[in-house]
Structure formats: structure tokens, C-alpha cells
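**Student:** Next input, structure requested:
(one chain, ligands or ions: 1)
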Amino acid sequence: MMLEADTLQTSIQKAARLLKQARKAVSLTGAGYSTPSGIPDFRSAHSGLWENNDPLEVASLSTFRFHPKKFFEWFRPLAAQIHAALPNTAHYALAQLEKAGHVVATITQNIDGLHQRAGSEQVFEVHGSLTRLVCTACYTPYAAQEYLEPYLTEAKIPTCPSCAHILKPDVVLFEEQLPFKTWKQAETAVAQSDLLLIAGSSLLVFPTASLPIRALERGIPLIIINKTPTYIDEKADVVIHGDLAEVIPRLALEVLSE
Ligand SMILES: [Zn+2]
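**Tutor:** Numbering: from 1, shown residues only. This is a model prediction of the structure:
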């Protein structure tokens, strides 16, 4: 027990040293970052969201296009959980690191907007965001807020005020490409970074999971903090398998305390 605690503290200190030396550190976050906020992993088979559905089918663009009612029914419990969720200590700690200039940008696979709510400013949402809706016919974007209540309580499918077509949550479904501009910004951030902090992503969803390879090709340090191992753990400078809501605040404290 003593040994484990020492090892964790040593790893946190090593990660803190690397972060302090960096000038353009970029963080990459995934579903594990929001599970302490009570949001299930959108793509995980164990989240309970898939019990009666094949994920590749129901969360796909074709289901959305041809059976929107089915899609919106399936999506409702997830939307409700995200709507009720609050940023956790790891979100706030990362925002502090950004404010203090130790992290310049965050690339996230999450669609919940919790990084921004915690105060992070430079956030690239490569899988989109549930805070926006886009008309499927005229492409007008809308803030999701006013459509959310009738959808969550009355199952009312959101429609466009100007052309009456269905509004799509601005999130990346299966069969869909990542948002081009955001993805380019994420790639550029990694190309210009001098450290990559990967937190709460198991690096299973491509192409985002390939970003650490770009970092490795440039020989910049990698820090990985995640509950479970990733495919790139052995190439990282520091690997911590632990609870993000505990580890990230401790890391931030270590970086910011001097
Ligand atoms: Zn429209």
C-alpha cells in the first residue's frame, strides 16, 4: 500500500516536472474524463445505453436520417444525463492549468461541453457538441438549450423554426466524418505542441487515437492518465492508471504550487 502511494506520487511529480518545462502542452481528453460527472461512455458497450440496441446501428447517420424518432428515443436518456451533469474536479484542474499557461489547448472526444463550463477556453470538440443543433435542410445552427426541455420532458423532436425540418444534435454519429475545421485545428495544435497530456481516453476511437503517434514522431513527451491501459502506454514518459478526479487535481496542485 505504502509502495503504491509512493509510486503514484512519484509519477505525479514526474508529470508535473514535464508540464512545467513545456511551453505549448496540449491535452487530449475522452469519455473517462466525464464519467466522474456521471456521464456514461457514449460508445461503451457497458454503459447500459446499448442494451436493446446495436450501437453501430442506432447511433448512426442512417438511423438519424431514416428513423429519427428511434434515434431521438434512444438518445434521450444520454441527453438527460449530460444535461444534469456538472464539471468534476478534473475539469476545473485542467482549466486552472490553462489559465496559468501550462496547457495551451484541449482536444476532447466528449460532447458534453463540461471543459468550457469549468473554464477551459481553447477547446477543440472533435466529436461535436450537444450544446448545438443544426438544421438538416437549411444548416442553420441553434443553441440546444431552448429545445432541450420539451425534448427531455415531452419527447418533442426539435425542428427548425424557419424551415420546419428536423434539427440534428451537432455531434458526430457513426458513418459521419469529424468536423473538418475542428479536426484541422486539433492536428495543428498537436503539430505545434511540446507535450501531450492524454487523460481519460482509452484511445480506441480513430482518427483521434492516432494523434499521439504524431506527437511521438516529433519526439515530444507523452503523459497518459487513464483507468485502463492504452495501446501506446509503453511509449509514454509517464503512465498513471488511476482515478482522474483524484490524479488531475493533484497534478495541477504540484504544477501550480511553486
Ligand atoms: Zn432549417
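**Student:** Return the residues in contact with residue 193.
**Tutor:** By Cβ atoms under 8 Å, 6 or more residues apart in numbering, the contact list for residue 193 reads 22, 24-26, 104, 215, 220. Backbone N, C-alpha and C define where each C-beta goes, glycine included.
**Student:** same question, residue 109
**Tutor:** By Cβ under 8 Å, 6+ apart, the contact set of residue 109 is 29-31, 126-127, 201, 205, 208.
**Student:** which of the contacts of residue 193 come close to the ion?
**Tutor:** The subset of those within reach of the ion, counting by Cβ under 5 Å from the ion, is empty.
**Student:** before we move on, back to that, sort out which one of the contacts of residue 109 lies nearest the ion for me.
**Tutor:** residue 127 (23.0 Å; Cβ to the ion).
**Student:** neighbours around that closest one, how many?
**Tutor:** Using other Cβ atoms under 10 Å, residue 127 is surrounded by 23 other residues.
**Student:** returning to what we had before: reformat the contacts of residue 193 as a markdown table; add distance to residue 137, pLDDT and neighbour count.
**Tutor:** Output for those, formatted as a markdown table (distance: Cβ to Cβ, whole Å; pLDDT from 0 to 100; neighbours: other Cβ atoms under 10 Å):
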| residue | distance to residue 137 | pLDDT | neighbour count |
| --- | --- | --- | --- |
| 22 | 45 | 96 | 21 |
| 24 | 41 | 97 | 14 |
| 25 | 42 | 98 | 25 |
| 26 | 36 | 98 | 27 |
| 104 | 38 | 98 | 19 |
| 215 | 40 | 94 | 23 |
| 220 | 44 | 96 | 20 |
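**Student:** and which of those is nearest residue 248?
**Tutor:** residue 25 (13.2 Å; Cβ to Cβ).
**Student:** Backbone torsions only: list them for the closest residue to the closest one other than its chain neighbours.
**Tutor:** For residue 25, ignoring the flanking residues on the chain, the nearest one in space by Cβ to Cβ, 6 or more residues apart in numbering is residue 195 at 4.0 Å. Listed backbone geometry of residue 195 is phi -170, psi 140, with angles given as degrees, to the nearest 10.
**Student:** same check, this time on the one 3 residues further on
**Tutor:** Reported as degrees, to the nearest 10, the phi and psi values for residue 198 are phi -100, psi 120.
**Student:** hmm, back to that, for the residue nearest to residue 25, give its distance to the ion.
**Tutor:** 43 Å (Cβ to the ion, to the nearest Å).
**Student:** go on, residue 10?
**Tutor:** Here residue 10 is placed at a distance of 56 Å from the ion (Cβ to the ion).
**Student:** May I have the residues that are in contact with that residue?
**Tutor:** By Cβ under 8 Å, 6+ apart, the contact list for residue 10 is empty.
**Student:** Try it again at 10 Å.
**Tutor:** Residues in contact with residue 10, defined by Cβ atoms under 10 Å, 6 or more residues apart in numbering, are residue 238.
**Student:** secondary structure element for it?
**Tutor:** Secondary structure from DSSP states H and E places residue 10 in helix 2-21.
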